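**Q** Predicted model, plus sequence, below.
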Amino acid sequence: MSDFSLIALFSIALVGSFGHCIGMCGGIVLAYCAKMGKIQKSKIELAFLHLIYNLGRVSTYILLGILVGFLGKMFVLNGYLRATLFILAGVMMILAALSLLGKIKFLTLIEHSVQERQWYQKSFKKFLSLNSPLSLYFLGILNGLLPCGFVYSYLFGAAAFASPLMGGVIMGVFGLGTIPALFIMGFLANSLLNNNTLRKFALIFSTLAIIIFGVFMIQKGIMFLTNPNASHKMHTMDHNNKDKHDMHP
């Protein structure tokens, strides 16, 4: 994946977070902000705590990216399988994007499953006590485990690259892109960022971008399907380029 693609994925996550993440995860941010409001904190201390929480989310996303990258690698035995994985990932990204727009109910059942689990509710209440900065970090980790169509659309893409490293990088880029919206919301609480018109525009823009990226993944899969050796050649070229780079520090 090129640097341009990673920048594009970061931009989609950045814009989409103002449309989706504020609505999906904003309640958690408001909950811990209400707890922190009872304790006098300087702006620097508040910024640190918001950052700790968001780093917890990003940690979960990176681990999930490594996991799906590893699982994708297990299924990629030849060019045809990798082509199928890219096409499947592209289709799933498009379905996830349409689900985010409310056009279909592709992820509805999954997105309501974890919150109803007793272990999740107990853990959430425990870490929301904010006994230490570490509790905010674990609260962020729990937030990262929430079923989310936006997260799934990136996980599908990460799995297609069949690389734990690339999976972690993609999800790390996604996580970093979602930090600004929730970080700013932590300071503005439920004021400016509750503008429904702006949030709707951001959500539409990001989901359309995900659909376009999904189409790109399908096109890449079709290319591998018509030329199954292309996947192997690209993999070999990547290794050769890495070896040359290592030889010339």
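**A** Good, I have the coordinates. Only a predicted model underlies this, so the values are computations on that prediction, with no experimental measurement involved.
**Q** Where does the prediction get shaky in this protein?
**A** 1-4, 19, 23-24, 37-41, 76-79, 100, 103-121, 189-199, 201-202, 228-249 (pLDDT under 70).
**Q** just the strands in it please.
**A** Ranges of strands in the chain, per DSSP state E: none exist.
**Q** who are the neighbours in contact with the spatially closest residue to F127 that is not a sequence neighbour?
**A** Excluding the flanking residues, the one nearest F127 by C-beta to C-beta, 6 or more residues apart in numbering is L139, at 4.2 Å. (Each C-beta comes from the backbone N, C-alpha and C, glycine too.) Listed by C-beta atoms under 8 Å, 6 or more residues apart in numbering, the contact partners of L139 are 28, 32, 53, 56, 124, 127-128.
**Q** Distance of L139 relative to F150?
**A** Per C-beta to C-beta, to the nearest Å, L139 is found 19 Å from F150.
**Q** ok, back up a step: which of the contacts of L139 has the most neighbours?
**A** Ranked by the number of neighbours (other C-beta atoms under 10 Å), the contacts of L139 place Y53 first, at 28 neighbours.
**Q** Report the central residue of this structure.
**A** Closest to where the C-alpha atoms of the chain average out (C-alpha atoms, centre = their mean) is V151, at 3.9 Å.
**Q** Please look at that residue and T60 and confirm they touch.
**A** No - checked against C-beta atoms under 8 Å, the pair V151 and T60 is beyond contact range at 9.2 Å.
**Q** quick one: common contacting residues for these two?
**A** G144.
**Q** Show me how far the longest helix anywhere in the chain is from its chain's centre.
**A** The helix that spans the most residues within the chain, counting by DSSP state H, is helix 43-75. Helix 43-75 sits 9 Å away from the centroid of its parent chain (C-alpha atoms, centre = their mean, to the nearest Å).
**Q** which helices and strands sit right next to it?
**A** When contacts are defined as 3 or more C-beta pairs under 8 Å, 6 or more residues apart in numbering; DSSP states H and E, helix 43-75 sits against helix 22-36, helix 79-100, helix 133-145, helix 149-160, helix 164-188.
**Q** Which of these sits closest to L9?
**A** helix 164-188 (5.3 Å; C-beta to C-beta).
**Q** Tell me the buried residues in the closest one?
**A** For helix 164-188, the neighbour count (16 or more other C-beta atoms under 10 Å) marks 164, 166-179, 181-183, 185-186 as buried.
**Q** Equivalent analysis for stretch 5-18, please.
**A** Neighbour counts over stretch 5-18 (16+ other C-beta under 10 Å) mark 8-10, 12-18 as buried.
**Q** which one among those residues gets closest to G157?
**A** The closest of the buried residues of stretch 5-18, once distances to G157 are taken by C-beta to C-beta, is L9, at 7.9 Å.
**Q** Can you tell me the closest non-neighbouring residue to G144?
**A** T60 (2.7 Å).
**Q** Count residues in the vicinity of that neighbour, would you?
**A** 20.
**Q** before we move on, back to that, and the helices and strands packed on helix 43-75: which comes nearest K73?
**A** helix 164-188 (6.8 Å).
**Q** what packs against that closest one?
**A** helix 3-16, helix 22-36, helix 43-75, helix 149-160.
**Q** which of those helices sits most buried?
**A** helix 149-160 (a mean of 27; mean count of other C-beta atoms under 10 Å).
**Q** Thanks a lot, catch you later.
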